[in-house]
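K.L.:
Return a 3D structure for these sequence lines:
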Amino acid sequence: MLLLLFLLCLLGYVLSRFRRGRAGWLCYGVAFGLFLASGCGPLPAWLLTRLQAPYATRPKVAWAARNAIVVLGVGTSRVVATNEVGPTVFAGGRLAEGYALYRECKQTGNDCRLVVSGGDPFRYGVTEAKAYGDVLLGMGVDRSDLMLETRSMNTWQNAQFLQPMLKAYAPQRVVLVTAAVHMRRSQQFFLHFGIDALPVRADYEDARLTWFPNGWNVALTESALHEYVGVLTYYMYNAMGWNAPPSRYGAP
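P.N.:
Numbering: from 1, shown residues only. From the prediction side, this is the model:
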């Protein structure tokens, strides 16, 4: 979002320099309008509703004999004073939802695996999967039920690298846990690799309508646009033949 505003202002400046004053002021006006719509809440509210609405209601999970609960990583943070690496503040909802689903599944007496996916994109020396896994073990998850995928650096690789792990385990039910704003793109990527997962959102973002712009609404706009661009990029790559071929493997 900020990049778009910067480019509009830059274009306005260039047009003004070439004596295209009206067009330049139009760019400035559009940039200012987008800034107000973003910072005051209407734009992120509109964008988020279309992304998150299908996942607002938590589905009732029909647990099978073999189940895999997949939790996607959302980064790690490092404590400068101690160099300790742990889940970022945004991971709390995913960890809590993943653990709640795991407990619910275990109470049925069926086989339940909690699968955490995420590498080390920030190069802290600890992968997201390891950091999250340690927290889940501390919460009471059995070590034998925990599966870690530690290579992926993005959502596409989450799906790509989890596919052979899930294929080897052969679950009859796969549940996908991530943020509601992230779910549409995640589901699309998982389906591309043949993984038909039941979506369960961990959290739900909402914009705040205000009279004055605030950073929270701008951040939400950035988050929503990132997801829309990701979905658009997926379809563009498919059309160009740049994506890996779709897989036929799937969990019934």
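
K.L.:
who touches Gln188 in this structure?
P.N.:
The neighbourhood of Gln188, defined by Cβ atoms under 8 Å, 6 or more residues apart in numbering, consists of 231, 234. From N, CA and C alone the C-beta is placed, and that goes for glycine too.

K.L.:
Please enumerate the helices of the stretch 51-200 of the chain.
P.N.:
92-106, 128-139, 155-169, 180-192 (DSSP state H, counting those that start in this stretch).

K.L.:
neighbours of the residue nearest to Phe190 when sequence neighbours are not counted, just the number please.
P.N.:
Computed as Cβ to Cβ, 6 or more residues apart in numbering, the closest residue to Phe190 that is not its neighbour in sequence is Ala159, at 4.6 Å. Counted with other Cβ atoms under 10 Å, the neighbours of Ala159 add up to 28.

K.L.:
Surely Ala159 touches Ile195?
P.N.:
Yes: applying Cβ atoms under 8 Å, one finds Ala159 in contact with Ile195, separated by 6.5 Å.

K.L.:
ok, back up a step: who's in contact with the residue nearest to Phe190?
P.N.:
186, 189-190, 192-193, 195.

K.L.:
Distance check, it against Trp46.
P.N.:
28 Å (Cβ to Cβ, to the nearest Å).

K.L.:
same question, Lys167
P.N.:
Remark: distance between Lys167 and Trp46 (Cβ to Cβ) = 39 Å.

K.L.:
Which one's more surrounded, the two?
P.N.:
Using other Cβ under 10 Å as the criterion, Lys167 and Trp46 rank with Lys167 on top: 16 against 13.

K.L.:
Quick one, grab the pLDDT at the more buried one.
P.N.:
What the model reports for Lys167 is a pLDDT of 94.

K.L.:
Could you do the one 4 residues further on as well?
P.N.:
In this model, Pro171 is scored at 97, pLDDT.

K.L.:
my guess is it meets Ala64, correct?
P.N.:
Yes: with contact defined as Cβ under 8 Å, Pro171 reaches Ala64; the gap is 7.3 Å.

K.L.:
more neighbours, these two?
P.N.:
Set side by side, Pro171 and Ala64 give different neighbour counts by other Cβ under 10 Å, the larger being at Pro171 (23 against 18).

K.L.:
Bridging across strands, which residues link to the closest residue to the more buried one other than its chain neighbours?
P.N.:
The spatially closest residue to Pro171, leaving aside those adjacent along the chain, is Ala68, at 3.9 Å (Cβ to Cβ, 6+ apart). Taking DSSP bridges as the rule, Ala68 bridges to Arg113, Val174.
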